[in-house]
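S.K.: Please work out how this folds:
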Amino acid sequence: MNNVQPLVTVKNLTKSYQDGEREVTVLEGINLTLDAGEMLAIIGASGSGKSTLLHILGGLDSANLGEVMIANEQPLRLSQKRLAQWRNEQIGFIYQFHHLLSEFSALENVAMPLLIAGKSMKEAEAKAKAILERVGLGHRLEHPPAKLSGGERQRVAIARALVNEPVLVLADEPTGNLDEDTAQVIYDLIVELNREFGTAFVVVTHDTQLAAKLPRQLQLDHGRLVEENQ
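M.R.: As a prediction, the model looks like this:
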């Protein structure tokens, strides 16, 4: 009998907001489990609530109802100070637009989460360099984002998401701003890193072809999750 707890458990998650007189429900009774090291694609139309779900999982947004448990912690119940610490230690984020700090080099951008976690500059830069080399950017360490291609910027963002060795990476349209060939390279890299690091990934995308490359897909439709491959 398997008694291993899922890495992520979401129960009856509901999110709505007021639009003038009207209440708009974005997520309705979401239930979800994700095992350690698992890869999941969530697909759905623009505005279907995919990003909202990711933001709640990552502790960046609240919910009206429901529970979220990630790595034996309930982010919705944490104080703001503890939540920020937990997020930096346990969760990595990859966005459609890389969100790199323009005034810093690739190396400095990737070292930042480690410095926030209290690591020394020497240790932070050593780890940042190692993971940048792993994603094929060992020759671009000192380049600022403006001197990097779109694909290279996203590699830096992936390195930054993984540098703290999080249990879960949340990727919001990680290839949405890239051409088809570069998007394929980035997806292949994410799959490789999942196998190598054992990090779980939730990848939100509207690209069904890329989503099909991941072992599990869920469709978010009218605020509800539906298993694609049942």
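
S.K.: so what's the residue most central in space within the chain up against?
M.R.: Using C-alpha atoms, centre = their mean, the residue of the chain that lies closest to the mean C-alpha position is L170, 1.3 Å off. Applying C-beta atoms under 8 Å, 6 or more residues apart in numbering, we find L170 in contact with L54, L57, G58, I91, G92, F93, I94, V202, V204. Every residue, glycine included, has its C-beta placed from N, CA and C.

S.K.: So for the second one, what's the nearest residue that isn't a sequence neighbour?
M.R.: Closest residue to L57 in three dimensions, ignoring its sequence neighbours and counting by C-beta to C-beta, 6 or more residues apart in numbering: L170, at 6.0 Å.

S.K.: Just to be sure, the one you found is in a strand?
M.R.: Yes - judged by DSSP: H, G, I helix; E, B strand; the rest coil, L170 forms part of a strand.

S.K.: per-residue pLDDT, it?
M.R.: You'll see L170 listed with a pLDDT of 92.

S.K.: What separation do you get for it and D179?
M.R.: 23 Å (C-beta to C-beta, to the nearest Å).

S.K.: One more: T9?
M.R.: From T9 to D179 the distance is 37 Å (C-beta to C-beta).

S.K.: Between those two, point out the one with more neighbours.
M.R.: Neighbours per residue, other C-beta atoms under 10 Å: of T9 and D179, the larger number sits with T9, 15 against 11.

S.K.: What segments of this structure are helices?
M.R.: For the chain, the helices defined by DSSP state H cover 50-57, 80-90, 106-116, 121-134, 150-162, 180-197, 208-211.

S.K.: quick one: the second one to helix 106-116, angle?
M.R.: It stands for helix 80-90. Angle, helix 80-90 to helix 106-116, by axes from the mean of the first three to the mean of the last three C-alpha atoms, to 10 degrees: 130 degrees.
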